[in-house]
Each structure stands twice: as structure tokens, then as C-alpha cells.
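Trainee: sequence and predicted model, in that order:
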Amino acid sequence: MRALKLDFQPRRRSGPLGWSLLAVGLLLALGCLVGQQHLNSQAQQQQGDLQTTQRVLTGNSGAKVSLTPAQTREQAQNLAEMRKVSQQLRRPWERLFATLESLPRDNIALLTLTPDARKGQVRITAEARDLEAMLDFHQRLEASDELSDVSLLSHEIAANVPEHPVLFNLSATWEIGDANP
């Protein structure tokens, strides 16, 4: 009688197809690694060239120059001025002008518009035919979405002009809504 051979964990035989797939996978991985190293060295070289070019263009020799206290103060003042201008430019000018242009101005003549971006206020100097037109304009500004807290600062009836127009100054808070102050 022949002996029984029980093999509960048979050995897997790998064929040439399996070994060739493994070899191709290793070659691809090695090729990707070499390509990545090549790209990294090129990127570092280009970064160095960029820094050299920037130094040449700005006239910076690489040594840091310390500023005197007077230069530091001047630089701080310049920065503050730039921030002030930037704040004024970020205001929603179009919406303010659209609001003022949409108001009926049959009896009103706008003379000056003076915005103060830092305080978020606008000052309006105008001329009205009579007190009623001035008060109507004031109410319409108060009802607008762009302006709030509209206050009459001064008014004067021009007695030397035959029609007796009313010159007046208004101050209002300029609502900025979604703009950044």
C-alpha cells in the first residue's frame, strides 16, 4: 500500500508570469523614484536662480541692513498712510453714488460729498429750494440702505438771493455692509 500524503497547506508555485509582473513593478517604482529626485533637483536649482535674480533686481546683496530709528518711524508713517488709502479704496463707492443718484433731486442740488473712511461717515453739502425740500431730502437719505444716522449739521437761508434757497450740511454714517472696513 502506498503512503498517504496529506498536505493541508500546499506550496504555492509561482510561475514566470508572477515573477515578471513583480520585476516590472519594481522597475516602475525605481523609475518613479529616479524621476522624482531629478525633478526635486531641478526645482531647487530654479529656486536658487530665482532668489539670485530677485537679489539682483532689488539691489540686495544678501546682507540685512538695519534701519535707524528715524527710518523706522518714517516707514511706519508710510505704512499707516498706505493703510488709510487702502481703507478708503475698499469702500463701496458705487453703491453710495447709486443711492445718491436714485434720490429725486428736483429741488436739491448736491454741492459736495466728503467721505471719511476712517470714521465711516460722509458729509453732504447741498442747496434746496426751500425748507420742505431740504427736510424731504433728509428723510429720503435716512430711509436709504446705504446711509443711517443722518443728521442736519447746519442750514442757512440765502437772503441775498431772490429765490431764498437753503444751504445745508448733512452728516451720515456710511453703512458698508459686506465690505471690509
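Mentor: Sure, I can see it.
Trainee: contacts for stretch 125-135?
Mentor: In this structure, residues lying in contact with stretch 125-135 by C-beta atoms under 8 Å, 6 or more residues apart in numbering are 107-114, 137, 152, 155, 157, 163-170. The way it works is simple: take the backbone N, C-alpha and C, and place the C-beta from them, glycine included.
Trainee: from the chain's centroid, how far away is the lowest-mean-pLDDT helix or strand in the chain?
Mentor: Least confident element among the helices and strands of the chain, by mean pLDDT, DSSP states H and E: helix 93-102 (a mean of 83). Computed by C-alpha atoms, centre = their mean, to the nearest Å, the chain-centroid distance of helix 93-102 equals 22 Å.
Trainee: can you give me the buried ones in it?
Mentor: Neighbour counts using 16 or more other C-beta atoms under 10 Å place 95-96, 99-100 of helix 93-102 among the buried residues.
Trainee: same check on stretch 138-151?
Mentor: 138, 140-141, 144, 146-147, 150.
Trainee: and those residues, which of them are in strands?
Mentor: Applying DSSP state E to the buried residues of stretch 138-151, the entries found in strands are 147, 150.
Trainee: which one of the buried residues of stretch 138-151 sits closest to Gly35?
Mentor: Glu146 (58.4 Å; C-beta to C-beta).
Trainee: can you pull the contacts of that closest one?
Mentor: 92, 95-96, 99, 174-175.
Trainee: how about the strands in this structure?
Mentor: Along the chain, counting by DSSP E, strands occupy 108-116, 121-128, 147-157, 166-174.
Trainee: mean pLDDT and distance to Leu33 added to the ones you listed, as CSV?
Mentor: CSV is the format used below for the strands of the chain (pLDDT from 0 to 100; distance: least, C-beta to C-beta, whole Å):
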stretch, mean pLDDT, distance to Leu33
strand 108-116, 88, 61
strand 121-128, 92, 64
strand 147-157, 90, 65
strand 166-174, 91, 61
